[in-house]
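**Q** this one's sequence-less:
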């Protein structure tokens, strides 16, 4: 009987843990993310306009069949390898993915030549994602620059049913009329949308010291009312500042805002309390979370005609306190963002203003947060502090315009995110 090659066997046993150690030692960071939302009702799709006029703005489609969806997102920090997360969180049936690609984006739907990469899932180009689940692609070599536009193309070969979405994508999504065009240089005669579908995260292999900030909130974090295709939400502008500062160049920020979101109740997206684990605690590389939530609880719960006791400042503060505690349990620092002025908004009320001020007082003075961004102070009108500065108002007296978002981002002290080794981290349990 032939004896085993002891030397060769020993070499294999020695190499196996080494390979595992190299993989385990990789440092993956979320460079982009968006919070999944429930599908919307089916709506008509409109073809892209010709070159003589801008395309008509259309409500987002909700379902696909034998179509490719090419979505444009913007990285924050770069890396040498990349992986993509697709979500069927709110799907009613398995989501069949026939192909998925990632590339650097050129102009409109076009990709940069030579940058296209096929995404595999456990070594296969197709994947079935069960209802309520997410799937992370295998890693692929692609040099992702910081602050770069990426194109993620997903082909659905069959009827998807209402798609898990992120409604306020603020970037043009290009949808083929039919067929798998995931690897094509561009999508001709595309249907367009301002939403993302199924795409919930992009991670890069980053230097060991890199870390991620999660911007968690409602429409004012989501960037609602900022100019589409210009990256002018306050988290996007903060990303530019972080990248330009040598002390924070390896700090990513991902936007997990949902327009209309509430702390305590489901509505536009599940409540902040319900989605916190998914959208914050599970984000690769998260070290910081900014929280700007509560104005919708207040506006909806305290407006005229709302049932008495439907919501209170104490209940909102209690919800925020839960988020703080849960983040600290995982060693994540929490930044409280004061609620911006809203008098004049459609759901403003005297009772709501009292509540808003109470919540802001908690954010500023309780000491529960590790830092505070005083966005109320930045955006209020000195002549009428309960209202947003007219120069920042887009007419609804609630959402800032591009200038208002820039003022918010510019007010942030970047030293908060520099030199993390010199700071005391919250206790992990």
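**A** Perfect, I can see it now. Bear in mind the structure is a predicted one, so any value in this text is a computation, not a measurement. Residues are numbered from 1 along each chain as shown.
**Q** List the contacts of the nearest residue to residue 138 once chain neighbours are set aside.
**A** Distance criterion C-beta to C-beta, 6 or more residues apart in numbering; nearest residue to residue 138, sequence neighbours excluded, is residue 120 at 4.5 Å. Backbone N, C-alpha and C define where each C-beta goes, glycine included. Listed by C-beta atoms under 8 Å, 6 or more residues apart in numbering, the contact partners of residue 120 are 137, 138, 140.
**Q** can you pull the pLDDT of residue 120?
**A** What the model reports for residue 120 is a pLDDT of 98.
**Q** likewise residue 379?
**A** What the model reports as pLDDT for residue 379 is 98.
**Q** Below-threshold pLDDT in the protein: ranges please.
**A** Applying pLDDT under 70 to the chain flags residues 1-24, 40-60, 303-309, 419-429.
**Q** so what are the domain limits for it?
**A** 28-201, 207-416 (automatic domain parsing).
**Q** And the longest one, end to end?
**A** In domain 207-416, first residue to last residue: 20 Å (C-alpha to C-alpha, to the nearest Å).
**Q** ok, the contacts of residue 120 vs residue 298, which is closest?
**A** Distance to residue 298 across the contacts of residue 120 (C-beta to C-beta) is lowest for residue 137, with 40.0 Å.
**Q** Would you agree that closest one is in contact with residue 83?
**A** Yes - between residue 137 and residue 83 there is a contact under C-beta atoms under 8 Å: 5.1 Å.
**Q** And those two? Which one has more around it.
**A** More crowded of residue 137 and residue 83, by other C-beta atoms under 10 Å: residue 137, with 23 against 20.
**Q** which residues does the more buried one contact?
**A** Each residue near residue 137 by C-beta under 8 Å, 6+ apart is listed here: 83, 84, 85, 86, 100, 119, 120, 121.
**Q** and the gap between the second one and residue 156?
**A** Relative to residue 156, residue 84 is positioned 15 Å away (C-beta to C-beta, to the nearest Å).
**Q** the more surrounded of the two?
**A** Comparing residue 84 with residue 156 by other C-beta under 10 Å, the one with more neighbours is residue 84, at 27 against 23.
**Q** ok, what's across the strand from the more buried one?
**A** Counting by DSSP bridges, residue 84 is bridged to residue 202.
**Q** my guess is it contacts residue 138, does it?
**A** No - at 9.5 Å, residue 84 and residue 138 do not qualify as touching, with contact defined as C-beta under 8 Å.
**Q** anything in contact with each of the two?
**A** The contact sets of residue 84 and residue 138 overlap at residue 119 (C-beta under 8 Å, 6+ apart).
**Q** Near the closest residue to residue 371 other than its chain neighbours, how many other residues are there?
**A** Of all residues not flanking residue 371 in the chain, residue 335 sits nearest, at 4.6 Å (C-beta to C-beta, 6+ apart). Neighbour count for residue 335, taken as other C-beta under 10 Å: 21.
**Q** Hmm, residue 335 is touching residue 289, no?
**A** Yes - with contacts counted by C-beta under 8 Å, residue 335 reaches residue 289, the gap being 7.1 Å.
**Q** Which neighbours do the two have in common?
**A** Common neighbours of residue 335 and residue 289, counting by C-beta under 8 Å, 6+ apart, are absent.
**Q** What segments of the stretch 251-400 of the chain are helices?
**A** Using DSSP state H, counting those that start in this stretch, the helices found in the stretch 251-400 of the chain span residues 272-276, 295-302, 313-329, 350-365, 375-379.
**Q** hang on, I meant the stretch 1-150 of the chain
**A** Ranges of helices in the stretch 1-150 of the chain, per DSSP H, counting those that start in this stretch, are 6-24.
**Q** mind listing the strands for it?
**A** For the stretch 1-150 of the chain, strands defined by DSSP state E, counting those that start in this stretch occupy the ranges 28-33, 67-74, 79-87, 95-97, 99-104, 117-118, 127-129, 134-136, 140-144, 149-156.
**Q** Can you tell me, leaving aside adjacent residues, what's nearest to residue 258?
**A** Leaving aside its sequence neighbours, residue 258 sits nearest to residue 269 (C-beta to C-beta, 6+ apart; 3.8 Å).
**Q** Wait, that neighbour touches residue 263, no?
**A** No - if you go by C-beta under 8 Å, residue 269 and residue 263 don't touch, sitting 11.6 Å apart.
**Q** quick one, what contacts the residue nearest to residue 371?
**A** Counting by C-beta under 8 Å, 6+ apart, residue 335 touches 288, 289, 290, 291, 369, 370, 371, 372, 373, 416.
**Q** Check residue 418 too.
**A** 245, 247, 248.
**Q** What separation do you get for it and residue 216?
**A** 21 Å.
**Q** As a check, name the ranges of all strands in the stretch 201-350 of the chain.
**A** Under DSSP E, counting those that start in this stretch, the stretch 201-350 of the chain gives strands at 211-217, 251-257, 286-292, 333-337.
**Q** any idea which of those strands is most buried?
**A** Of those, the one with the most neighbours on average (mean count of other C-beta atoms under 10 Å) is strand 251-257, at a mean of 29.
**Q** now it against strand 79-87, angle please.
**A** Interaxial angle, strand 251-257 versus strand 79-87 (axes from the mean of the first three to the mean of the last three C-alpha atoms, to 10 degrees): 10 degrees.
**Q** Packing partners of strand 251-257?
**A** Strand 251-257 sits against strand 28-33, strand 211-217, helix 219-222, helix 234-244, with contacts defined as 3 or more C-beta pairs under 8 Å, 6 or more residues apart in numbering; DSSP states H and E.
**Q** what's the angle from it to strand 67-74?
**A** Using the same axes, to 10 degrees: strand 251-257 against strand 67-74 is 130 degrees.
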